[in-house]
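Colleague: Have a look at this fold, sequence not included:
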């Protein structure tokens, strides 16, 4: 599933580690989600959306 994490993170000059600390996961998890190697659990998806102050459906994009 495509996502806008890298784009939103870059706008804020945050590293993957910064995001990881803010949502309570490892940097490797953030990297895996960003690169579409791993789809986040629903709680992690909601934490990411809250962090970036957008809705989940604005963060994760349907590839269809």
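Modeller: Arrived safely, thanks for sending. Being a predicted model, the structure only gives us computed values, none of them experimental.
Colleague: residue contacts, the residue nearest the centre of the chain?
Modeller: Geometric centre of the chain, nearest residue: residue 5, 4.3 Å, by CA atoms, centre = their mean. By CB atoms under 8 Å, 6 or more residues apart in numbering, the contact set of residue 5 is 19, 30, 33-34, 48, 52, 59. Every C-beta, even on glycine, is put in place using the N, C-alpha and C of the backbone.
Colleague: what about 10 Å?
Modeller: 14, 16, 19, 30-31, 33-35, 40, 48, 51-52, 59-60 (CB atoms under 10 Å, 6 or more residues apart in numbering).
Colleague: Buried residues of the longest helix seen in the chain, list them for me.
Modeller: Across the chain, the longest stretch assigned as helix under DSSP state H is helix 42-52. Judged by neighbour count using 16 or more other CB atoms under 10 Å, the buried positions of helix 42-52 are 44-45, 47-49, 51-52.
Colleague: Over to stretch 55-64?
Modeller: 59-60.
Colleague: ok, back up a step: return the member of the buried residues of helix 42-52 nearest to residue 25.
Modeller: Here the nearest of these to residue 25, counting by CB to CB, is residue 44; it sits at 6.3 Å.
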